[in-house]
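**Q** I would like the atomic coordinates for the input below:
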Amino acid sequence: MSIAVAGEPLGIGICHCLDCQRRTGSVFAALATFAAPWTVEGAASEYRRTGDAGATFTFRFCPRCGTNLFHTEDGVAGTVSVAVGGFADPGFAPPEISVYHSRRHHWVTLPDTVIRCDRDPD
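**A** Prediction:
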């Protein structure tokens, strides 16, 4: 499975919530949000969950390799959030915001320019 997006990201962020830590198997999720249009090639498995603030997210996984490549949020049409690692580009822009920063692993340090939110700023 692959996803193709166009244009620059609307935003780039990292999420330290416990669900994202479990979902990624890492200490945070790094995501870039893009406006439509986007195209997906190949089949995807889906996992839905409701966040702390009540929003429902649908995560898409590659059924062949297990990569959690992108997700959408119910009620938010026209955007997709793609895992930054899915671009396999070490030059990808850094995050602008850190959400659930209060749940960040104490040894994770971020540039001073990153906005820190203890929870999801909605």
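
**Q** going forward, measure contacts and count neighbours with C-alpha atoms only.
**A** Noted.

**Q** go ahead and flag the most central residue of the chain.
**A** residue 31 (3.2 Å; Cα atoms, centre = their mean).

**Q** which residues touch that one?
**A** 12, 13, 14, 81, 82, 83, 84 (Cα atoms under 8 Å, 6 or more residues apart in numbering).

**Q** just the buried members of those residues?
**A** Neighbour-count burial (16 or more other Cα atoms under 10 Å) applied to the contacts of residue 31 gives 12, 13, 14, 81, 82, 83, 84.

**Q** strands - which of those land there?
**A** 12, 13, 14, 81, 82, 83 (DSSP state E).

**Q** could I get those residues as TSV with pLDDT and distance to residue 64?
**A** Listed next are those as TSV, based on pLDDT from 0 to 100; distance: Cα to Cα, whole Å:
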residue	pLDDT	distance to residue 64
12	98	27
13	97	27
14	97	26
81	97	20
82	98	18
83	97	17
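
**Q** distance to residue 67 added to those, as CSV?
**A** What follows is those, written out as CSV (distance: Cα to Cα, whole Å):
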residue, distance to residue 67
12, 19
13, 19
14, 17
81, 14
82, 11
83, 9
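
**Q** show me which of those is closest to residue 73.
**A** When those are ranked by distance to residue 73 (Cα to Cα), residue 81 comes first, at 8.8 Å.

**Q** return the distance of residue 23 relative to residue 38.
**A** Per Cα to Cα, to the nearest Å, residue 23 is found 23 Å from residue 38.

**Q** where do the strands sit along this structure?
**A** Taking DSSP E as the criterion, the chain contains strands spanning 2-5, 11-15, 29-35, 38-41, 45-50, 56-61, 68-73, 79-83, 97-99, 115-116.

**Q** for the ones you listed, which one sits closest to residue 105?
**A** Among the strands of the chain, strand 11-15 comes nearest to residue 105, with 11.4 Å by Cα to Cα.

**Q** what about dumping the CA coordinates of the closest one to PDB?
**A** Output in PDB follows, covering the C-alpha atoms of strand 11-15 (Å, rounded to 0.1, in the frame of the first residue of the first chain):
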ATOM      1  CA  GLY A  11       1.100  21.100   9.600                       C
ATOM      2  CA  ILE A  12       3.700  18.700  11.100                       C
ATOM      3  CA  GLY A  13       3.400  17.400  14.600                       C
ATOM      4  CA  ILE A  14       4.200  14.700  17.000                       C
ATOM      5  CA  CYS A  15       1.900  13.000  19.500                       C
END
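
**Q** thanks again, I'm all set now.
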